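[1] here are the coordinates; sequence isn't available:
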Ligand SMILES: [Zn+2]
């Protein structure tokens, strides 16, 4: 069931699990999209290393893990269940820009693909892929926005890298090719907390933009969900987006 589909409000309330289950007759589970990205990356990451995987898309998602093991961050306010982080919606500016989630000042409202497209305000940029192409072709305005977003991401994710003791950073998702061009700016953001040696060790790198990796991730995740059903509690995102603080 989609709840608060911040970037696709039309999907709100659609129960995909039921639709797929009815259509295929096989048992189905629905989990956050970011997990498929994570499992796509974890296959090529050292299994004994704490990793922060950022999926940079219209929004920004962050998953921490070590090999196939996911690390929750935070707890559900209602029942205390460990939850996945919603770092795209942490507040970085009090009374800041309005976010698609309805609150103000979220990290995503400054760094998500949708925010960059809105700030650029070009009629020719209708889809995220249009924005990505502009950056790749060296459009000065688009590149400037991407650089600033990467610096912000580095700066505001750095404390969580420390908390989760991550020793590697990987960026995937549709904006990975952009990250490849602006990773130095991401490192500039990290410099607020880390020295050059530490940043070199983190080795923030973009995932090769191949869809196959995402699909393999979805497959590995599906296997994991059925072989380790006890982990389901960890696979929840907090319902915090439904709540007013
Ligand atoms: Zn938000």
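    Cool, got the structure. Because the structure is a prediction, the values reported are computed rather than measured. Residues are numbered from 1 along each chain as shown.
[2] Go through stretch 78-89 and flag the buried ones.
    Under the neighbour-count criterion of 16 or more other CB atoms under 10 Å, stretch 78-89 has 82-89 buried. The way it works is simple: take the backbone N, C-alpha and C, and place the C-beta from them, glycine included.
[3] what does stretch 214-233 give?
    Buried-residue list, stretch 214-233, by 16+ other CB under 10 Å: 214, 216-218, 220-222, 224-225.
[4] Compute the number of surrounding residues for residue 187.
    Taking other CB atoms under 10 Å as the criterion, the count of residues near residue 187 is 19.
[5] Spatially nearest residue to it, not counting backbone neighbours?
    Among residues not flanking residue 187 along the chain, residue 199 sits closest, at 5.2 Å (CB to CB, 6 or more residues apart in numbering).
[6] What strand or helix carries that neighbour?
    Per DSSP states H and E: residue 199 is located in helix 196-202.
[7] Identify all contacting residues around that helix.
    Helix 196-202 has contacts (CB atoms under 8 Å, 6 or more residues apart in numbering) with 161, 166-169, 187, 190-191, 194.
[8] how about the helices in the chain?
    16-24, 34-42, 108-111, 113-120, 128-136, 140-163, 176-190, 196-202, 211-227 (DSSP state H).
[9] so what's residue 130 up against?
    Residue 130 sits next to 117, 124 when contact means CB under 8 Å, 6+ apart.
[10] One more pass at 6 Å, please.
    By CB atoms under 6 Å, 6 or more residues apart in numbering, the contact set of residue 130 is empty.
[11] re earlier: would you mind giving the helices of the chain as TSV with mean pLDDT added?
    Conversion of the helices of the chain to TSV gives the following (pLDDT from 0 to 100):
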stretch	mean pLDDT
helix 16-24	85
helix 34-42	90
helix 108-111	97
helix 113-120	96
helix 128-136	96
helix 140-163	98
helix 176-190	97
helix 196-202	97
helix 211-227	85
